[in-house]
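> curious how this folds, go ahead:
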Amino acid sequence: MGISAANEADQQNEPRVSIVPRAPMERNATTRKTSPIRLDVKVVQIPVTVTDTWDRPVEGLRPSDFRLFEDDVEQKIVYLSREEAPASVGLIFDASGSMRDKIETSVEAVDQFFETTLPGDEFLLVRFSDTPTLITGFTDDTHEISGCLHAIRPKGWTALNDAIYLGIQKMRAARNSRKALLVLSDGGDNNSRYSGPEIRDLVREADVRIYSIGLQIGMLQGGRFLEKISDETGGRMIRVRKLEELPEAMEKLSRDLRSQYLLGYYSTNAQNDGRFRRVRVHVNHPTVHASWRRGYYAPGD
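Numbering: from 1, shown residues only. Predicted coordinates for the structure are as follows:
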């Protein structure tokens, strides 16, 4: 079955879904063993990226170099790890009409990103314009995805929120614990069913970091929204105002995705109240910048 046929079948079987308030977890429910935030054993794991003033990853940090707070209460860091591991990455690619003059450079930037793959990496591709479309599910064949991207002919409006929603849903099939969406778009949403607040609630629930490149977005609302949800998940957004800056932006995001510390702690809050708990990380060095996932949902009764 070809990619287009498989995609058509997938769309026909895709259920109509909507975001509903989060139901409390059962006391005996456990998260998957591959999840970076493991509540089954009361251990919380927070991925953190640390960069210097030149935007380069900082290596060699120890647990004593970090302070971590949950709802403004300092927690004891019980372990720290830093290792390169395979990732599951969902590419969310803007194919709307406004991308017509940017499409070639954008596809080349994705090809550049593929040059940094590790054994065990997997990728999926969601193309969006008026609506989002899953072009291919998870695969380690980057040539397949590259071929699909080179065949894109931009047209239509920008259903950015819906594309992120679809990407998050498809990430549930990821086999790696390191999961991310890489969003490349040149404008704000103007054609989605899902609102910004709904998408923000969704990414808070999901164990997925969002990295995004805003092509000449400037001060549009869409740019602020992408930046907000990227920060919320511990990812990052880079604004690109000239196409010549795109390769460097892609290199930075690829480096951030691969370079992270994992901090583990036992929460001092033993309540199983199902509430969102805010996490704050401080690095004891004045010239560095840290990005981390800003919180998690506690288990519920």
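> surely V208 and I168 touch.
Yes - at 6.1 Å, V208 counts as touching I168 under the criterion of Cβ atoms under 8 Å. To be clear about C-beta, it is placed using only N, CA and C from the backbone, and glycine gets the same treatment.
> relative to R294, how far out is the residue nearest the centre of the chain?
Nearest residue to the geometric centre of the chain (Cα atoms, centre = their mean): I210, 2.2 Å. Remark: distance between I210 and R294 (Cβ to Cβ, to the nearest Å) = 12 Å.
> residue boundaries of the helices in this protein?
With DSSP state H, the ranges of helices along the chain come out as 3-13, 103-114, 142-150, 160-170, 196-205, 221-232, 246-258.
> just checking, what packs against the fifth one?
The reference is to helix 196-205. If you count contacts as 3 or more Cβ pairs under 8 Å, 6 or more residues apart in numbering; DSSP states H and E, helix 196-205 packs onto helix 160-170, helix 221-232, strand 295-297.
> how about 6 Å then?
Helices and strands touching helix 196-205, by 3 or more Cβ pairs under 6 Å, 6 or more residues apart in numbering; DSSP states H and E, are helix 160-170, helix 221-232.
> let me know which of those helices is tucked in deepest.
helix 160-170 (a mean of 24; mean count of other Cβ atoms under 10 Å).
> and that helix, how far out from the chain middle?
11 Å (Cα atoms, centre = their mean, to the nearest Å).
> okay, the angle between that helix and helix 196-205?
20 degrees (axes from the mean of the first three to the mean of the last three Cα atoms, to 10 degrees).
> what angle do helix 160-170 and helix 221-232 make?
Helix 160-170 runs at 30 degrees relative to helix 221-232, counting by the same axes, to 10 degrees.
> for Y297, give me its contacts.
Counting by Cβ atoms under 6 Å, 6 or more residues apart in numbering, Y297 makes contact with F276.
> who's it bridged to?
Assessed by DSSP bridges, Y297 has beta-bridge partners F276.
> which residue is the nearest non-sequential neighbour of R280?
Once flanking residues are discounted, R280 sits nearest to F69: 4.4 Å by Cβ to Cβ, 6 or more residues apart in numbering.
> same check, this time on G274
Closest to G274 by Cβ to Cβ, 6+ apart is G300, at 3.0 Å.
> same thing with S81?
Excluding its sequence neighbours, the residue lying closest to S81 (Cβ to Cβ, 6+ apart) is L262, at 4.7 Å.
> now do that neighbour: how many residues are near it, please.
17 (other Cβ atoms under 10 Å).
> and if you look at V240?
23.
> surely the residue nearest to G274 touches R275?
No - counting by Cβ atoms under 6 Å, R275 is not a contact partner of G300; they are 8.4 Å apart.
> wouldn't F225 be in contact with G196 here?
Yes - assessed by Cβ under 6 Å, F225 is found in contact with G196 at 5.3 Å.
> work out the gap between stretch 164-173 and the centre of the chain.
10 Å.
> and it, average pLDDT?
Averaged over stretch 164-173, pLDDT sits at 97.
> contacts for it, please.
In this structure, residues lying in contact with stretch 164-173 by Cβ under 6 Å, 6+ apart are 90, 92, 124, 126, 132, 179, 181, 194, 199, 202, 206, 208.
> wait, which of the residues you listed is closest to R258?
K179 (13.5 Å; Cβ to Cβ).
> who does F69 bridge with?
Beta-bridge partners, per DSSP bridges, of F69: E74, R280.
> hmm, it is touching V281, no?
No - applying Cβ under 6 Å as the test, F69 and V281 come out as separate, 7.8 Å apart.
> neighbour-wise, which of those two wins?
V281 (20 against 13).
> so the more buried one makes contact with A290?
Yes - the pair V281 / A290 is scored as a contact, 5.4 Å apart, by Cβ under 6 Å.
> give the residues shared as contacts by these two.
With Cβ under 6 Å, 6+ apart, V281 and A290 have common neighbours V48.
> pull the helix or strand with minimum mean pLDDT from the chain.
Each helix and strand of the chain was given a mean pLDDT (mean pLDDT, DSSP states H and E); the minimum falls on helix 3-13 at a mean of 47.
> domain map for this protein?
Per automatic domain parsing, the domain ranges recorded for the chain read 43-82+260-297, 85-258.
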